[in-house]
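Chemist: only the shape, not the letters, is given here:
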């Protein structure tokens, strides 16, 4: 995957690889997977809307958002290779920036704060965010970071770290996301 992908649909092919572990090949299998699995459906219409905003892709995003509780703003900057594991009740604020190879799981919130550390988070590459974790504020999450389930993060997190608890406690660890973030793009 050494080719630089610029178009949004090229990013969808990378999302497809992250979620299935297979190269995208146009055909009946990939079409059925996109139609049957809502994480692939959402990624497809999200990337399609980013490439060329249209009524159909916007309506499909709205429908999938309402059906599965996915509040992922089309204005959020999401890098290639997003992985939506058990995608229900995920919230991503419109000012948020996510890097490459980010795993999001059920109940996750990336939010903006309007007091104190005002703003939205910037999340690096190769980040695993566990179930029901919350990341808020004008903070920076480094690369190769694992945020444990049910953690509340409102502080900067350096590269190669594991974040646990509420309030967040940062533990340095090399290869923090090894075996958690797979099929890198």
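Modeler: Received, thanks. These numbers were taken from a predicted model, which means no experiment stands behind them.
Chemist: now the helices for this protein?
Modeler: Assigned by DSSP state H, the helices in the chain fall at 8-20, 28-36, 38-51, 55-68.
Chemist: where among those is average confidence lowest?
Modeler: Mean pLDDT per stretch puts helix 28-36 lowest among these, at a mean of 82.
Chemist: residues contacting residue 23?
Modeler: Taking Cβ atoms under 8 Å, 6 or more residues apart in numbering, we find residue 23 in contact with 13, 17. Yep, even glycine has a C-beta here, placed from its N, CA and C like the rest.
Chemist: for it, grab phi and psi.
Modeler: In terms of degrees, to the nearest 10, the main-chain angles of residue 23 are phi -70, psi 140.
Chemist: now it: how far from residue 13?
Modeler: With distances taken as Cβ to Cβ, to the nearest Å, residue 23 is found 8 Å from residue 13.
Chemist: and what of residue 161?
Modeler: Per Cβ to Cβ, residue 161 is found 30 Å from residue 13.
Chemist: repeat for residue 50
Modeler: 14 Å.
Chemist: pull the helix or strand with minimum mean pLDDT from the chain.
Modeler: The least trusted helix or strand in the chain, going by mean pLDDT, DSSP states H and E, turns out to be helix 28-36, with a mean of 82.
Chemist: for it, packing partners?
Modeler: helix 8-20, helix 38-51 (3 or more Cβ pairs under 8 Å, 6 or more residues apart in numbering; DSSP states H and E).
Chemist: show me where pLDDT drops low in the chain?
Modeler: Within the chain, the stretches with pLDDT under 70 are 1-8.
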